[in-house]
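>>> okay, structure incoming, though there's no sequence with it:
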(Lines give C-alpha, C1' and ligand atoms only; values in the text may rest on other atoms or scores of the structure.)
Protein backbone atom coordinates (compact mmCIF):
# COMPACT_ATOMS: atom_id res chain seq x y z
CA UNK A 1 0.00 0.00 0.00
CA UNK A 2 1.12 3.55 -0.71
CA UNK A 3 0.83 6.88 1.07
CA UNK A 4 -2.17 7.65 -1.17
CA UNK A 5 -3.97 4.73 0.46
CA UNK A 6 -4.05 6.47 3.84
CA UNK A 7 -7.78 7.05 4.37
CA UNK A 8 -7.47 9.51 7.28
CA UNK A 9 -4.55 11.94 7.26
CA UNK A 10 -3.95 12.67 10.95
CA UNK A 11 -3.05 16.16 12.09
CA UNK A 12 0.38 16.49 13.72
CA UNK A 13 1.59 13.25 12.14
CA UNK A 14 0.88 14.57 8.63
CA UNK A 15 4.03 16.71 8.77
CA UNK A 16 6.09 13.51 8.77
CA UNK A 17 3.89 11.49 6.43
CA UNK A 18 4.02 14.25 3.82
CA UNK A 19 7.82 14.01 3.68
CA UNK A 20 7.64 10.42 2.45
CA UNK A 21 7.35 9.61 -1.23
CA UNK A 22 4.06 8.17 -2.47
CA UNK A 23 5.47 4.68 -2.98
CA UNK A 24 4.78 1.28 -1.48
CA UNK A 25 5.32 1.37 2.30
CA UNK A 26 7.65 -1.65 2.27
CA UNK A 27 9.77 -0.03 -0.44
CA UNK A 28 9.89 3.21 1.55
CA UNK A 29 10.91 1.41 4.74
CA UNK A 30 13.57 -0.60 2.89
CA UNK A 31 15.29 2.49 1.47
CA UNK A 32 18.52 3.48 3.19
CA UNK A 33 17.27 4.65 6.56
CA UNK A 34 20.56 5.31 8.24
CA UNK A 35 21.54 8.92 8.54
CA UNK A 36 24.81 8.13 6.82
CA UNK A 37 22.72 7.10 3.80
CA UNK A 38 21.78 10.77 3.53
CA UNK A 39 24.73 12.38 5.27
CA UNK A 40 28.18 10.75 5.19
CA UNK A 41 29.17 9.04 8.45
CA UNK A 42 32.39 11.07 8.49
CA UNK A 43 30.33 14.26 8.54
CA UNK A 44 28.18 13.00 11.40
CA UNK A 45 31.28 11.97 13.34
CA UNK A 46 32.95 15.32 12.72
CA UNK A 47 29.98 17.08 14.31
CA UNK A 48 30.70 15.38 17.62
CA UNK A 49 28.75 17.10 20.39
CA UNK A 50 28.22 20.38 18.55
CA UNK A 51 24.79 22.00 18.66
CA UNK A 52 23.53 24.88 16.56
CA UNK A 53 21.93 26.65 19.54
CA UNK A 54 21.92 26.34 23.33
CA UNK A 55 19.63 23.59 24.59
CA UNK A 56 19.48 21.75 21.27
CA UNK A 57 20.26 18.06 20.92
CA UNK A 58 23.54 16.68 19.58
CA UNK A 59 23.54 14.42 16.54
CA UNK A 60 23.73 11.40 18.87
CA UNK A 61 20.71 12.69 20.80
CA UNK A 62 18.81 13.05 17.52
CA UNK A 63 19.66 9.53 16.36
CA UNK A 64 18.60 8.15 19.76
CA UNK A 65 15.33 10.09 19.51
CA UNK A 66 14.64 8.63 16.08
CA UNK A 67 15.33 5.13 17.45
CA UNK A 68 12.96 5.68 20.38
CA UNK A 69 10.27 7.10 18.12
CA UNK A 70 10.63 4.22 15.66
CA UNK A 71 10.04 1.71 18.45
CA UNK A 72 7.03 3.59 19.81
CA UNK A 73 5.38 4.07 16.40
CA UNK A 74 5.98 0.43 15.43
CA UNK A 75 4.42 -0.69 18.70
CA UNK A 76 1.40 1.51 18.05
CA UNK A 77 1.09 0.16 14.51
CA UNK A 78 1.19 -3.42 15.80
CA UNK A 79 -1.50 -2.70 18.39
CA UNK A 80 -3.81 -1.12 15.83
CA UNK A 81 -3.11 -3.80 13.21
CA UNK A 82 -4.18 -6.39 15.79
CA UNK A 83 -7.41 -4.39 16.20
CA UNK A 84 -6.62 -3.11 19.68
CA UNK A 85 -8.84 -0.06 20.20
CA UNK A 86 -7.23 1.07 23.46
CA UNK A 87 -6.31 4.76 23.11
CA UNK A 88 -2.56 5.18 23.42
CA UNK A 89 -0.94 8.21 25.04
CA UNK A 90 1.76 10.41 23.62
CA UNK A 91 5.24 10.40 25.06
CA UNK A 92 7.56 13.05 26.40
CA UNK A 93 10.44 13.20 23.91
CA UNK A 94 12.36 15.65 26.09
CA UNK A 95 12.20 13.30 29.08
CA UNK A 96 13.26 10.38 26.90
CA UNK A 97 16.15 12.45 25.55
CA UNK A 98 17.30 13.42 29.04
CA UNK A 99 17.27 9.82 30.23
CA UNK A 100 18.74 8.11 27.14
CA UNK A 101 22.37 9.12 27.74
CA UNK A 102 23.01 9.04 23.99
CA UNK A 103 26.18 11.10 24.34
CA UNK A 104 27.76 8.28 26.35
CA UNK A 105 27.47 6.03 23.31
CA UNK A 106 29.38 5.99 20.09
CA UNK A 107 27.65 7.31 17.02
CA UNK A 108 28.44 4.08 15.19
CA UNK A 109 26.60 2.05 17.87
CA UNK A 110 23.58 4.33 17.55
CA UNK A 111 23.55 4.08 13.76
CA UNK A 112 23.85 0.29 14.01
CA UNK A 113 20.95 0.18 16.46
CA UNK A 114 18.84 2.36 14.21
CA UNK A 115 19.49 0.06 11.25
CA UNK A 116 18.46 -2.95 13.36
CA UNK A 117 15.33 -1.24 14.66
CA UNK A 118 14.38 -0.29 11.09
CA UNK A 119 14.84 -3.91 10.00
CA UNK A 120 12.53 -4.95 12.83
CA UNK A 121 9.95 -2.37 11.73
CA UNK A 122 10.21 -3.62 8.17
CA UNK A 123 9.63 -7.20 9.32
CA UNK A 124 6.52 -6.10 11.24
CA UNK A 125 5.04 -4.23 8.29
CA UNK A 126 5.84 -7.12 5.91
CA UNK A 127 3.67 -9.32 8.13
CA UNK A 128 0.62 -7.07 7.81
CA UNK A 129 -1.96 -7.49 5.09
CA UNK A 130 -3.91 -4.58 3.60
CA UNK A 131 -6.78 -5.01 6.07
CA UNK A 132 -4.43 -4.82 9.05
CA UNK A 133 -2.65 -1.79 7.56
CA UNK A 134 -5.95 0.07 7.24
CA UNK A 135 -7.02 -0.62 10.83
CA UNK A 136 -7.00 2.46 12.99
CA UNK A 137 -6.60 3.40 16.60
CA UNK A 138 -6.14 6.52 18.64
CA UNK A 139 -2.79 7.83 19.77
CA UNK A 140 -1.90 11.33 20.84
CA UNK A 141 -5.64 12.08 20.57
CA UNK A 142 -5.54 11.37 16.82
CA UNK A 143 -7.13 8.58 14.81
CA UNK A 144 -4.38 7.00 12.77
CA UNK A 145 -3.96 3.81 10.77
CA UNK A 146 -1.14 1.31 10.92
CA UNK A 147 -0.32 2.32 7.34
CA UNK A 148 -0.04 5.98 8.33
CA UNK A 149 2.22 5.05 11.25
CA UNK A 150 4.49 3.22 8.81
CA UNK A 151 4.84 6.39 6.78
CA UNK A 152 5.43 8.36 9.98
CA UNK A 153 8.53 6.17 10.48
CA UNK A 154 9.82 7.06 7.05
CA UNK A 155 9.07 10.77 7.29
CA UNK A 156 10.26 11.22 10.87
CA UNK A 157 13.73 9.91 10.02
CA UNK A 158 13.82 12.14 6.93
CA UNK A 159 12.73 15.15 8.99
CA UNK A 160 15.61 14.73 11.42
CA UNK A 161 18.16 13.97 8.69
CA UNK A 162 17.14 17.25 7.04
CA UNK A 163 17.54 19.12 10.33
CA UNK A 164 21.04 17.71 10.67
CA UNK A 165 21.84 18.67 7.06
CA UNK A 166 20.42 22.18 7.35
CA UNK A 167 21.37 23.19 10.90
CA UNK A 168 24.28 21.03 12.00
CA UNK A 169 26.40 20.37 8.91
CA UNK A 170 26.96 24.13 8.38
CA UNK A 171 28.69 24.16 11.79
CA UNK A 172 31.61 22.37 10.11
CA UNK A 173 32.16 25.21 7.67
CA UNK A 174 31.40 28.05 10.05
CA UNK A 175 28.28 28.93 8.06
CA UNK A 176 25.73 27.98 10.69
CA UNK A 177 22.34 29.64 10.43
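On my side now, so go ahead. A quick note: this is a predicted structure, and the numbers were derived from the prediction, not measured.

>>> list phi and psi for the residue nearest to residue 145 when sequence neighbours are not counted.
In this structure, residue 145 finds its nearest non-sequential neighbour in residue 136, 4.7 Å apart by Cβ to Cβ, 6 or more residues apart in numbering. Every C-beta, even on glycine, is put in place using the N, C-alpha and C of the backbone. Residue 136 adopts backbone torsions of phi -120, psi 160, taken as degrees, to the nearest 10.

>>> give the contact list for residue 136.
The contact partners of residue 136, by Cβ atoms under 8 Å, 6 or more residues apart in numbering, come to 8, 80, 143, 144, 145, 146.

>>> 7 Å instead, please
Contact analysis of residue 136 by Cβ atoms under 7 Å, 6 or more residues apart in numbering lists 8, 80, 143, 144, 145.

>>> with pLDDT, secondary structure and neighbour count added, can I get those in TSV?
Below are these laid out as TSV (pLDDT from 0 to 100; DSSP: H, G, I helix; E, B strand; the rest coil; neighbours: other Cβ atoms under 10 Å):
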residue	pLDDT	secondary structure	neighbour count
8	94	coil	12
80	98	helix	28
143	97	strand	15
144	98	strand	27
145	98	strand	24
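
>>> just give me how far the strand or helix carrying residue 160 sits from the chain centre.
Per DSSP states H and E: residue 160 is located in helix 146-163. Relative to the chain's own centre, helix 146-163 is displaced by 5 Å; criterion: Cα atoms, centre = their mean, to the nearest Å.

>>> contact partners of that helix?
Helix 146-163 has contacts (Cβ under 7 Å, 6+ apart) with 1, 3, 5-6, 10, 13, 16-20, 25, 28-29, 33, 35, 38-39, 62, 66, 69-70, 73-74, 76-77, 80-81, 121, 125, 128, 132-135.

>>> surely residue 133 touches residue 1?
Yes: the pair residue 133 and residue 1 passes the contact test of Cβ atoms under 7 Å, sitting 5.4 Å apart.

>>> tell me the spacing between the nearest residue to residue 108 once chain neighbours are set aside and residue 68.
Sequence neighbours aside, residue 41 is the residue nearest to residue 108 in space, at 7.6 Å (criterion: Cβ to Cβ, 6+ apart). To residue 68, residue 41 is 21 Å away according to Cβ to Cβ, to the nearest Å.

>>> tell me which of those two has more neighbours.
Neighbour count, other Cβ atoms under 10 Å: between residue 41 and residue 68, residue 68 has more, with 18 against 14.
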